[in-house]
Every structure is written in C-alpha cells, then in structure tokens.
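Colleague: What follows is a predicted protein model with its sequence.
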Amino acid sequence: MRAPEGVDLERPNAARVYDYYLGGAHNWAADRRMGDEAMAAWPELPMIMRANRAFLRRAVRFLVGAGIRQFLDLGSGIPTAGNVHEVAGPSCRVAYVDVDPVAVAHGRELLRDVPGAVAVRADLREPETVLSHPDVLSVIDLSQPVAVLMIAVLHFVPEADDPARIVAAYRDASAPGSYLALCHATQGERGERAAGHRALYDRTATPMTMRSRERVAELLDGYDLVEPGLVWMASWRPDEGEPARPEVFPGLAAVGRIAG
C-alpha cells in the first residue's frame, strides 16, 4: 500500500516495526532495519510480540463473555490477523484509534466492508478529543459499558505527558460496568536487553518508557482487577500450551472493571 502523503519513510515507526515483528507486510525498509537490529540483540522479540497479541485475544474473549459489546482500542497500530473486531464477532462495535497516519490508512482499508468498526486518527494523549470524535461516537455509546484497550501503547507515553491522568480521563468518561485492558512493557529478566531496546526506540517518534510493576499498578487506580490481577502477560488467563516461564516475556497485563 502506498504511504499517505507526508509520511517519513526514512524514519522507523513503532507501529510498522511491530507489524514487521508479527510478519506483516505493512512496513518499509527503515522499519525492517530497526527490527533486524533489535532482533540481533534480542532474538526472542517476535515471540514477545506474539505473546502480547495473544493477551489481546484472550482479554477480548473474556470481555465479550462479560457482556461487553463495544471496544475503544487506543494505539491500535496497523491491522494484522486477530484484530479486535475479528475476535469479538459481528455483534460488537469497535473504534480503532491511532495517531499514525499509515496505521489508520490501513485500518480504513481493512474495515471498508466491516459494519460497526471504524479507524480514527487521533492522539490517545488527548482524551477529550478522542471521546468527542464523531467517528468514535458513531460506534461507541459512552452511556453504556465499554472496554477501553491500551495494549502495548502506554509505554510510548512519557512521564512528562502524565499517563495516570490520561488513563483516569478515559476511566471517568466510561459508564459503570466498563473495563480497561492494559498491557505494558517492563524489563523482566532481561534488563540489559531491555535497555538496548529502549535505545533503539529513541530513534523513532515514540520513545519507550518501561515502567515498574508498582508504577503500572498506579495506572490502574479506580479499577477492580479481575483475577489474576496484574501479572506477566503470558500468565493472564493463559490458554493451554502457553509458555511455562512467562517471566521471559517482559510485559505486565491486567483487566480491570469500574464498579457499578
């Protein structure tokens, strides 16, 4: 697909590098070079990204089982296999939101013939703008329970942007009975590799901030966490055959509910 006008293809982009890790086709040479460099230092990265995607699928299945029928996917990235609307099914409505014009362009193409799903270009750091966007409101009814998805995106929000304030704004705009599903990068066992990985993302428009378990827990303030709480992403309600040592996948995950 041709890049939208004004997109810098010489600078690696986090969404496109993620697509490359997953084996997608929506990436360019600069993204592949960065991905290859990262994998040379950390060969398990594609497995980590697939584990992240697997958490998304498990969380969406749980949320549908809990009665949720509308999803706000923030920082949704470039559509790949196993998108939220595919997992949730045709009875659900989904608003995919991303700031990257390439991700949104691909999303709109993918969703052209999918009723009840839209791709919106907006910055999740501006909750008021996202939550009042007419395309978002065309599929999301904020007076009813909604699942807000923040999957592998908040670690691209620096502390200077106050991620706790951002999460709280979406929480406060959600009806009682709504949920948040969150997955966030942390160092895990591989601190030296994680430091090198952060250095690579410093070359992109979205540097990475890996947060501690305590800091991630603070972001979940106001939500009642469902079992098993805040855990390694591969440990959150794993399917049969999930890895025996989930701590090697350095991402924390949780699903929380607003009481009511």
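Modeller: Received the coordinates, thanks.
Colleague: Downstream of the lowest-mean-pLDDT helix or strand in the chain, the next helix or strand is which one?
Modeller: The helix or strand of the chain with the lowest confidence, counting by mean pLDDT, DSSP states H and E, is helix 191-201 at a mean of 50. On the C-terminal side of helix 191-201, the closest following helix or strand by DSSP states H and E is helix 213-219.
Colleague: Buried residues of that following helix, list them for me.
Modeller: Arg215, Val216, Leu219 (16 or more other C-beta atoms under 10 Å). Using the backbone N, CA and C atoms, a C-beta is placed for each residue, glycine as well.
Colleague: before we move on, what about stretch 149-158?
Modeller: Of the residues in stretch 149-158, those buried by neighbour count under the rule 16+ other C-beta under 10 Å are Leu149, Met150, Ile151, Ala152, Val153, Leu154, His155, Phe156, Val157.
Colleague: for the stretch 151-260 of the chain, which spans come out with low pLDDT?
Modeller: Scanning the stretch 151-260 of the chain for pLDDT under 70 picks out the ranges 187-207, 241-249.
Colleague: any chance you could map the strands in it?
Modeller: Assigned by DSSP state E, counting those that start in this stretch, the strands in the stretch 151-260 of the chain fall at 179-185, 224-225, 231-232, 251-257.
Colleague: For Asn13, find the nearest of these.
Modeller: strand 179-185 (17.1 Å; C-beta to C-beta).
Colleague: Which strands border that closest one, and is each parallel or antiparallel?
Modeller: Note on strand 179-185: by DSSP bridges, its sheet partners are strand 147-151 (parallel), strand 251-257 (antiparallel).
Colleague: Which helix or which strand is home to Leu124?
Modeller: Taking DSSP H and E as the definition, one finds Leu124 inside no helix or strand.
Colleague: from what I can see it touches Ile166, true?
Modeller: Yes - Leu124 sits in contact with Ile166 when judged by C-beta atoms under 8 Å, with a separation of 6.8 Å.
Colleague: which of the two has more neighbours?
Modeller: Here Leu124 and Ile166 are compared on neighbour count by other C-beta atoms under 10 Å; more neighbours surround Leu124, at 27 against 21.
Colleague: quick one: that one from Tyr96, how far?
Modeller: As for Leu124, its distance to Tyr96 is 11 Å (criterion: C-beta to C-beta, to the nearest Å).
Colleague: ok so, going back, for Arg237, which of the strands paired with strand 179-185 is the nearest?
Modeller: With respect to Arg237, and counting by C-beta to C-beta, the nearest of the strands paired with strand 179-185 is strand 251-257 at 8.6 Å.
Colleague: Please list the outside residues in contact with the closest one.
Modeller: Strand 251-257 is contacted by residues 48, 51-52, 55, 59, 62-63, 66, 152, 177-186, 188, 213, 216, 220, 223-226, 229-233, 235-236 when judged by C-beta atoms under 8 Å, 6 or more residues apart in numbering.
Colleague: returning to that earlier point: would you tell me which of the strands of the stretch 151-260 of the chain gets closest to Ala88?
Modeller: Nearest to Ala88, of all those, is strand 179-185, at 12.0 Å by C-beta to C-beta.
Colleague: With just CA atoms, put the closest one into PDB.
Modeller: What follows is the C-alpha trace of strand 179-185 in PDB, where atoms were taken according to Å, rounded to 0.1, in the frame of the first residue of the first chain:
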ATOM      1  CA  TYR A 179     -13.500  -2.300  31.600                       C
ATOM      2  CA  LEU A 180      -9.800  -1.400  30.900                       C
ATOM      3  CA  ALA A 181      -7.500  -4.000  29.400                       C
ATOM      4  CA  LEU A 182      -3.900  -2.900  29.700                       C
ATOM      5  CA  CYS A 183      -0.500  -4.400  28.700                       C
ATOM      6  CA  HIS A 184       2.700  -2.500  29.400                       C
ATOM      7  CA  ALA A 185       6.400  -3.200  28.800                       C
END
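Colleague: which stretches of the stretch 1-150 of the chain have low pLDDT?
Modeller: Within the stretch 1-150 of the chain, the ranges that satisfy pLDDT under 70 run 1-7, 81.
Colleague: Okay then, goodbye and thanks.
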